[in-house]
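Colleague: Sequence first, then the predicted structure:
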Amino acid sequence: MEITSIDVSSRLVSSALLTCGFLAPSYLVALNNYLRNMLIIFMLFLLLLREAAGVAPDSQEARKRPIILSKSGGFVAGGNIIKSPVFPNATLSCDHGYMEYFIPWRPRSTSIVMWHSATTQAFQNRWDGGEGYKDMFLRRRYPVYLWDGPRVGRANWACEPYLYMPSYRDQGNFVAWNFGPTYPNFWPGVQFPTQDREAWQQATSARYVEFDTNKNVHLESQAAAAAADSGRLGDSIVYLTNSASGLRAQLTVTKSNTTNIKAIVAYESYGSVFPDTYNITAGEPFGPLKVPLEDFKKLAKLKAIQFVWGDHREENFTFLRQARQAAKLINLYGGNAQIFFLTKDGGLKGNTHSAFADMNNDKVADLLDDFLEENDLDSFDRDSDDSLDDLDQEWLRRNFN
């Protein structure tokens, strides 16, 4: 017979009473059982207090649980096959996207697709090499997908020729990523390790070649829609985007033929989608982009869209104004779109263009937790319930089964 810590505790108390003469031996078993039951009730009460206080399962302690994967891998989506103009039997598979996936053990129902604008590295690590969003949300047991759109990163086979020319943009990255007003002058209090030269070098070196044209926006969104409609990402998809990928994700929703996409969280979206009935001039390469009204209404059918902005963004900033206009129209058609400032709405300071990689990305992630919970996107599969931490569940099994 298994003896638990509760058994030991109750027997110690009973033995002490017996030794001191306060208890007759005939009452020992009854008191033993009574004390054991009282201790069980007390332990359950403590567990309920933990739940009420929000300690389980979403506490920092629970989030540091080991990452246990059920499986991981990758696949391509979308694309074309072209024939050689010289060799009739030779073909090239090209213009597809590449999706890397990590499926945790006992996963949640919602898949998080992390869609970068410059490099997947931004989702893999914090600026100083600390834990990034990928591992943070795997610990929370969300399936995580890293997407490289056509012609970038691991999906760089293009169906058309292009000429690469060095663009000398390191210093431009510094300003574009909102580290400071001019290179190398950081904003005071910026959430970047300003004294770590290697951190800056890692950030700017990790950037991929980008194809910022409207043609590529359509190419990437078409491949992403194919991935979403394939069912391989599940039927509850949340896009986490950054910069120009925000525009691409919005366009993906308008091209999708299923309801698998449930939400978009766009960190500093550069560009927005509008209905062709709206009086706005289309632009390139960061929008505005115009689509048929009925396609635009698909954005209003999502559970939620959140346009997230970091520090030092004035109201007249072009892409913030675009996002405000787009959110207003989405809501006009019954949607749920909002502008969210990490400063005045989230209580954070110093965030950059890529808040998910910032030094306070744990706090940024907490805000994303709130978003997912508020929109019922944090549930588990039926056989993966996580209402209590694993150790608590084991304790209950041992004592009540």
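Modeller: Right, received. Where do you want to start? Numbering: from 1, shown residues only.
Colleague: Determine how far stretch 201-213 lies from the middle of the whole chain.
Modeller: When distances are taken as C-alpha atoms, centre = their mean, to the nearest Å, stretch 201-213 is centred 21 Å away from the chain's centroid.
Colleague: my bad, stretch 276-288
Modeller: Distance of stretch 276-288 from its chain centroid, counting by C-alpha atoms, centre = their mean, is 28 Å.
Colleague: mean confidence for that stretch?
Modeller: pLDDT averaged over stretch 276-288 equals 93, rounded to a whole number.
Colleague: got it, and stretch 183-203?
Modeller: Confidence over stretch 183-203, taken as the mean pLDDT, stands at 97.
Colleague: now stretch 377-387
Modeller: Confidence over stretch 377-387, taken as the mean pLDDT, stands at 73.
Colleague: same thing with stretch 228-246?
Modeller: Summarised as a single mean, pLDDT over stretch 228-246 is 97.
Colleague: got the buried residues for it?
Modeller: Applying a neighbour-count criterion of 16 or more other C-beta atoms under 10 Å, one finds 228-229, 233-234, 236-246 buried in stretch 228-246. To be clear about C-beta, it is placed using only N, CA and C from the backbone, and glycine gets the same treatment.
Colleague: likewise stretch 141-160?
Modeller: If you call a residue buried by 16+ other C-beta under 10 Å, then stretch 141-160 has these buried ones: 141-155, 158-159.
Colleague: cool, and stretch 308-325?
Modeller: 308, 309, 310, 311, 312, 313, 319, 320, 322, 323.
Colleague: Which of those fall in helices?
Modeller: Under the assignment DSSP state H, these contribute 319, 320, 322, 323 to helices.
Colleague: Residues contacting stretch 362-371, please?
Modeller: Residues outside stretch 362-371 that contact it (C-beta atoms under 8 Å, 6 or more residues apart in numbering): 58, 60, 131, 133, 136-137, 140, 240, 263, 265, 304, 306, 340, 342, 346, 348, 351, 355-356, 358, 377-378.
Colleague: if we go to 6 Å?
Modeller: 136, 306, 346, 348, 355, 356 (C-beta atoms under 6 Å, 6 or more residues apart in numbering).
Colleague: wait, isn't residue 306 in contact with residue 340?
Modeller: Yes: taking C-beta atoms under 6 Å as the contact criterion, residue 306 and residue 340 are neighbours in contact, 5.2 Å apart.
Colleague: Those two - which one has more neighbours?
Modeller: Per other C-beta atoms under 10 Å, whichever of residue 306 and residue 340 has more neighbours is residue 306, with 20 against 16.
Colleague: Helix, strand or coil: sort out the more buried one for me.
Modeller: Reducing the assignment at residue 306 to three states with DSSP: H, G, I helix; E, B strand; the rest coil gives strand.
Colleague: just the helices in the chain please.
Modeller: Taking DSSP H as the test, the helices found in the chain are 5-19, 28-52, 60-63, 121-124, 133-139, 170-176, 197-205, 214-229, 244-255, 293-300, 318-332, 361-374, 390-400.
Colleague: now for the contacts of stretch 362-371, which pair is the farthest apart?
Modeller: With distances taken as C-beta to C-beta, the most widely separated pair in these is 136 and 306, at 17.5 Å.
Colleague: sorry, back to before: keep only those of the buried residues of stretch 141-160 that are in strands.
Modeller: Restricting the buried residues of stretch 141-160 to those inside strands, with DSSP state E as the criterion, leaves 144, 145, 146, 147, 148.
Colleague: Please tabulate those residues in TSV and include distance to residue 116 and pLDDT as additional columns.
Modeller: Compiled in TSV, these are given as follows (distance: C-beta to C-beta, whole Å; pLDDT from 0 to 100):
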residue	distance to residue 116	pLDDT
144	13	98
145	12	98
146	8	98
147	8	98
148	8	96
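Colleague: what sits against the closest residue to residue 190 other than its chain neighbours?
Modeller: Closest residue to residue 190 in three dimensions, ignoring its sequence neighbours and counting by C-beta to C-beta, 6 or more residues apart in numbering: residue 350, at 4.9 Å. When contacts are counted by C-beta under 6 Å, 6+ apart, residue 350 touches 189, 190, 191, 311.
Colleague: Sweet, I'm off.
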